[in-house]
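Undergrad: Everything below, folded, please.
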Amino acid sequence: MVNLKDFIKGNEVMHTEVFQQAVDYCYEKGGEPLFIPFGTYLLGTVILRDNTTIIFEDGAKLLGSKDIDDFLVDDTPLNEYQDMSHSSYTRSLFYAKNAKNITIKGNGVIDMQSAWDHPNKRDSSHRGAKVIAFDHVDGVVLQDFKLLYATDIGILLGRCKNCFIRGLYIETHIDGISPDGCENVVISDCILKCGDDGIVFKTSYYDNERVACEKITVTNCVVSSRCSAIKFGTESNGDFRYITISNCVINDTRCIGIALESCDGSNIYGININNISMHNVACPLFIFLGLRMRGPKELEIGSINDIYISNIYADCHETKYKSIDFYYNYIKEGSEYETNVNSPSLIINYTDKEMKNINLSNMNIKCFGGKKLENANFKDNPYGGPSHEMFGFHLPAYGLIVKKCDGLKLENVKFELLNDDERPESIIE
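TA: The predicted model follows:
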């Protein structure tokens, strides 16, 4: 095993160069593990190689530089089909492309220090650096460390295969974990507190082809989010299929608990979601098939089929959602974001393509209620970016609204009111 301290010769303030030297040395030695001993190390971008294994000693801490110029520049121009975060990988603490067998593990801490980009320098909402961004990597293990205060995505995996993410504690200003067009992924035993989405699957068009997110399992996780806790989309050019989510707790989520969104041509099918408990969630379930079609003109409209959701408890409260800060212009100590916009669960199809075989069973949803029937309205929005707020803030039912679903099955699904409400429990068209 190679010790990082053997490469530190003086009183370096920045450790990027020596860290890179150690990684390259381990690669040349055929994949010797790199040991990170107790101590604090300040880094910009480090490029990982084939067969890299990084092992933290207890008490080891990596600090991301507060100067965004210490990280590699964005490698991809802003793509019209997705946001900058899912187009670019290089501006990150650990970056790898076209590699295999990369492991980072141990009871260490990676702290990005809430460092945002220079104002007005990039057209990307002033986001900073990602922590881990792997592009076409086969064989990833991320295990047992803490990942803190990134101002871009915590973990972005693009077109990666055979990935295991276990036992992480993540507290970050943007998305937590985002597999984009990945295959064979296990995410388990993680705790996430995120300023944007928590665990979010994407099938973006960043390398100019449709690639599915498939054969993925998420289990035994606790997720808190300012936006959606567990989400499919919104970047949804490729398909989502054969994905299981089980035994998770979702809490203090200002928007959606679980969201399945096809708006750019994605076919979503073979999804199993089971044993989920939600507390203080504005909209427990959101399934949307829309017509935004942000992608090449030749893409066809997608579909949503064969979705199985069971054993769900959720309660919705009109309380202030307390979050770590989100975008650059919101930063201030101890900020509180707007009151939750409570919403019924929504299953909406605006297309002529299939949304069928949506199965909901053994669900108990405690709805906030408290609204009158007058002024209730549903604003159609087939081309919009998916959100539970896209149809308005005073919807005409308190529990469930369904539009255009063939083969909807509800079994032992119960909606309870926490406050008196004049609206019907559900509307199914």
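Undergrad: Show me the helices in the stretch 1-150 of the chain, by range?
TA: Remark: helices assigned in the stretch 1-150 of the chain by DSSP state H, counting those that start in this stretch are 16-28.
Undergrad: can you pull out the strands in it?
TA: For the stretch 1-150 of the chain, the strands defined by DSSP state E, counting those that start in this stretch occupy 2-3, 34-36, 39-43, 46-47, 53-56, 60-64, 92-105, 109-111, 130-143, 146-148.
Undergrad: List of residues touching the third one?
TA: It stands for strand 39-43. With contact meaning Cβ atoms under 8 Å, 6 or more residues apart in numbering, strand 39-43 is reached by 4-5, 13-16, 19, 59-65, 70, 93. For the C-beta atoms, the positions are set from N, CA and C on the backbone; glycine is no exception.
Undergrad: between the strands of the stretch 1-150 of the chain, which gets nearest to Asn247?
TA: Minimum separation from Asn247 across the strands of the stretch 1-150 of the chain (Cβ to Cβ) falls at strand 130-143, 18.7 Å.
Undergrad: Taking the contacts of strand 39-43, please make a ChimeraX selection of just the buried ones.
TA: The command below creates a ChimeraX selection of those among the contacts of strand 39-43 that count as buried (16 or more other Cβ atoms under 10 Å):
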select :4,15,16,19,60,61,62,63,64,65,70,93
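Undergrad: Show me which of the contacts of strand 39-43 is closest to Asn272.
TA: The closest of these, once distances to Asn272 are taken by Cβ to Cβ, is Leu93, at 34.0 Å.
Undergrad: That closest one and Ala129 touch, don't they?
TA: Yes: the criterion here is Cβ atoms under 8 Å, and Leu93 meets it with Ala129 at 6.3 Å.
Undergrad: which residues are common contacts for the two?
TA: The contact lists of Leu93 and Ala129 share 45, 64, 71, 112, where a contact means Cβ under 8 Å, 6+ apart.
Undergrad: which of those residues sit farthest apart?
TA: Maximum distance among the shared contacts of Leu93 and Ala129 (Cβ to Cβ): 12.2 Å, for Thr45 and Met112.
Undergrad: More neighbours: which of these two?
TA: Between Thr45 and Met112, Met112 has the larger neighbour count (other Cβ atoms under 10 Å), namely 26 against 22.
Undergrad: from what I can see that one touches Gly64, true?
TA: Yes: between Met112 and Gly64 there is a contact under Cβ under 8 Å: 3.7 Å.
Undergrad: got any residues that touch both of those two?
TA: Counting by Cβ under 8 Å, 6+ apart, the residues touching both Met112 and Gly64 are 93, 129, 131, 150.
Undergrad: and which of the residues you listed is nearest to Asn184?
TA: For the shared contacts of Met112 and Gly64, the nearest to Asn184 is Val131 (22.0 Å; Cβ to Cβ).
Undergrad: OK, contacts around the closest one?
TA: 64, 92-94, 110, 112, 147, 150, 153-155, 172.
Undergrad: between the residues you listed, which has the most around it?
TA: If you rank these by neighbour count (other Cβ under 10 Å), Ala150 sits at the top with 32 neighbours.
Undergrad: What's the separation between that residue and Lys130?
TA: From Ala150 across to Lys130, the span is 6 Å (Cβ to Cβ, to the nearest Å).
Undergrad: got any ranges where the stretch 101-250 of the chain has weak pLDDT?
TA: The stretch 101-250 of the chain contains residues with pLDDT under 70 at 119-126.
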